[in-house]
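Visitor: Just a sequence and a predicted model for now, questions to come.
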Amino acid sequence: MQNNYSDVLILGGTGKVGKTVIDYLLKHSQCQISVVTRNTQLSLDNNRLTSLQFDALDKKLLSQHCKQADLVISCIGPSQIVGSTVADICYQTGTPYIDAGGYDPLLKHLSQLVMAKPSTVPLIINAGLLPGLSGVYPNYLITHYSDKQPIENLEVCYAGRDAWSYNSAWDIIVGLGDFGENRGFCYIANNKLIKVPFFKAANKQTFAEPIGKVSTMLIYSEELRRLTNHYKIPNLKVWGANIGPKAAFSCAIAKLFGYYKTPEKLTKAAKRLASASAKDMLKLSPIYSIKCNIKLVDGRIIEGNLLTGDTYLATGTVIAITAKYLLENTVVAGAYSLHEAIPSEVIINQLLAENIIQISTTTHNTLTATEAI
């Protein structure tokens with residue numbers, strides 16, 4: 001049975017990501033879109049668009065409009081800045097919800113709510129690039145190339161570079177502290193969290209051109225931890241790198257000195273990172289890559305590489321593809337990370353069709369001839 005959604009409420013529709021979401025939905029769906037904004041001068045030149053002038057965090061007004069909407073999309077920023085207001089109202093009003101910047105704390109919060117009282121609608125958190133596509137792509141490789149064989153080890157590497165907005169920079173800095181968990185540098189071995197010191201957390205990774213070899217650091221990823229739990233994968237390593245040199249230095253300083261620990265330091269560190277990335281981009285182009293290495297128990301290795309240029313375009317398109325899927329299909333109610341809610345091939349195939357990503361996949365066997373016998 002299909003859901004007949006038609007009225008979409010978008011919060012933060014005037015930013016880079018929000019505009020991409022709107023453009024995609026206008027092109028690929030017939031829904032009516034209401035854009036919540038405090039900009040009274042906003043001009044909309046499409047009869048399917050309506051401007052609503054109010055503060056998106058005004059609980060009373062937001063609740064009224066959520067009750068009238070069939071789907072809510074939030075692009076207004078990290079949940080640790082805006083809180084759980086929007087998600088809570090969608091949960092209470094029974095309005096399907098997509099959050100571009102929900103991240104781990106909001107996903108944990110909603111999961112606890114749903115455990116206490118089941119949601120009546122899907123609530124999809126982390127529907128963007130990282131996290132978001134960063135969980136979707138490994139899931140895509142597993143579902144399409146593992147032949148349902150048990151997986152011994154999953155290793156995922158991320159490398160990204162762009163002129164980060166303040167909100168994006170804020171996401172990155174708070175992520176350095178594991179969104180308040182402060183797990184440090186770590187990995188999963190035999191289903192146990194293993195912490196390592198700074199000097200053992202670095203590794204050189206070679207990505208597809210034009211990135212090449214870069215220095216990466218071990219990071220914790222809740223979305224991939226959930227992925228490994230689903231597939232019962234005992235070993236997981238996740239590596240990350242901000243490959244703008246000035247931005248990378250800014251991140252290293254923030255990590256070493258724990259600038260994510262207080263709101264004041266976090267704010268300053270986010271501003272510095274946004275400024276550093278802008279300077280990087282005076283001479284460099286934006287790029288983002290995911291590299292996956294999946295080892296099956298039968299000895300086969302699946303290697304996948306994904307590459308995209310415009311990170312904001314990719315993020316907005318991922319959100320819009322998710323929205324279109326919700327408009328056209330039934331998704332079981334609950335709180336989800338993106339890879340748990342939408343079939344991975346839906347997102348990957350549409351991104352390929354839009355020429356937003358490039359992917360390559362190879363498989364080989366690690367067994368020697370003797371071992372194979």
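Guide: Arrived safely. Keep in mind it's a predicted model, so treat the numbers as computed, not measured.
Visitor: residue contacts, residue 151?
Guide: When contacts are counted by C-beta atoms under 8 Å, 6 or more residues apart in numbering, residue 151 touches 142, 231, 232, 233, 294, 295, 296, 297. Any C-beta I mention is one placed from the backbone N, CA and C, and that applies to glycine too.
Visitor: Generate a PyMOL selection restricted to the buried entries among those residues.
Guide: Those of the contacts of residue 151 that meet the burial criterion (16 or more other C-beta atoms under 10 Å) are gathered into one PyMOL selection, given here:
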select buried, resi 142+231+233+294+295+296
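Visitor: Present the contacts of residue 151 as JSON lines; the columns should include secondary structure.
Guide: Formatted as JSON lines, the contacts of residue 151 follow (DSSP: H, G, I helix; E, B strand; the rest coil):
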{"residue": "142", "secondary structure": "helix"}
{"residue": "231", "secondary structure": "helix"}
{"residue": "232", "secondary structure": "coil"}
{"residue": "233", "secondary structure": "coil"}
{"residue": "294", "secondary structure": "strand"}
{"residue": "295", "secondary structure": "strand"}
{"residue": "296", "secondary structure": "strand"}
{"residue": "297", "secondary structure": "coil"}
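Visitor: Report pLDDT for residue 5.
Guide: In the predicted model, residue 5 carries a pLDDT score of 52.
Visitor: and the nearest residue in space to residue 286 that is not next to it in sequence, what does it touch?
Guide: Nearest residue to residue 286, sequence neighbours excluded (C-beta to C-beta, 6 or more residues apart in numbering): residue 162, at 4.1 Å. By C-beta under 8 Å, 6+ apart, the contact list for residue 162 reads 168, 244, 277, 281, 286, 287, 288, 311, 312.
Visitor: Just the CA atoms of the helix or strand harbouring the third one, as CSV, please.
Guide: So the one you mean is residue 277. According to DSSP states H and E, residue 277 maps onto helix 263-280. Output of helix 263-280 as CSV, limited to C-alpha atoms (Å, rounded to 0.1, in the frame of the first residue of the first chain):
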residue,chain,number,x,y,z
PRO,A,263,29.9,25.4,23.9
GLU,A,264,32.2,28.4,23.9
LYS,A,265,35.3,26.5,22.6
LEU,A,266,33.1,24.6,20.1
THR,A,267,31.7,27.8,18.6
LYS,A,268,35.2,29.3,18.2
ALA,A,269,36.6,26.1,16.7
ALA,A,270,33.7,25.9,14.2
LYS,A,271,34.3,29.5,13.1
ARG,A,272,38.0,28.8,12.7
LEU,A,273,37.3,25.6,10.7
ALA,A,274,34.8,27.4,8.4
SER,A,275,37.4,30.1,7.8
ALA,A,276,40.2,27.6,7.3
SER,A,277,38.2,25.6,4.7
ALA,A,278,37.3,28.8,2.8
LYS,A,279,41.0,29.6,2.5
ASP,A,280,41.7,26.0,1.3
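Visitor: and it, how far from the chain's centre?
Guide: For helix 263-280, the gap between its own C-alpha mean and the chain's C-alpha mean amounts to 20 Å (C-alpha atoms, centre = their mean, to the nearest Å).
Visitor: Could you list every helix and strand in contact with that helix?
Guide: On a contact count with 3 or more C-beta pairs under 8 Å, 6 or more residues apart in numbering; DSSP states H and E, helix 263-280 meets helix 166-176, helix 245-256.
Visitor: separation between the residue nearest to residue 286 and residue 285?
Guide: For residue 162, the distance to residue 285 equals 9 Å [C-beta to C-beta, to the nearest Å].
Visitor: if I look at residue 276, how far off is residue 173?
Guide: Here the distance between residue 276 and residue 173 works out to 12 Å (C-beta to C-beta).
Visitor: Leaving out chain neighbours, which residue sits closest to residue 253?
Guide: When the adjacent residues along the chain are set aside, residue 253 lies closest to residue 259, with 7.4 Å between them (C-beta to C-beta, 6+ apart).
Visitor: and the one you found, what pLDDT?
Guide: On the pLDDT scale, residue 259 is placed at 93.
Visitor: Enumerate every residue touching it.
Guide: 173, 176, 253, 265, 266, 268, 269.
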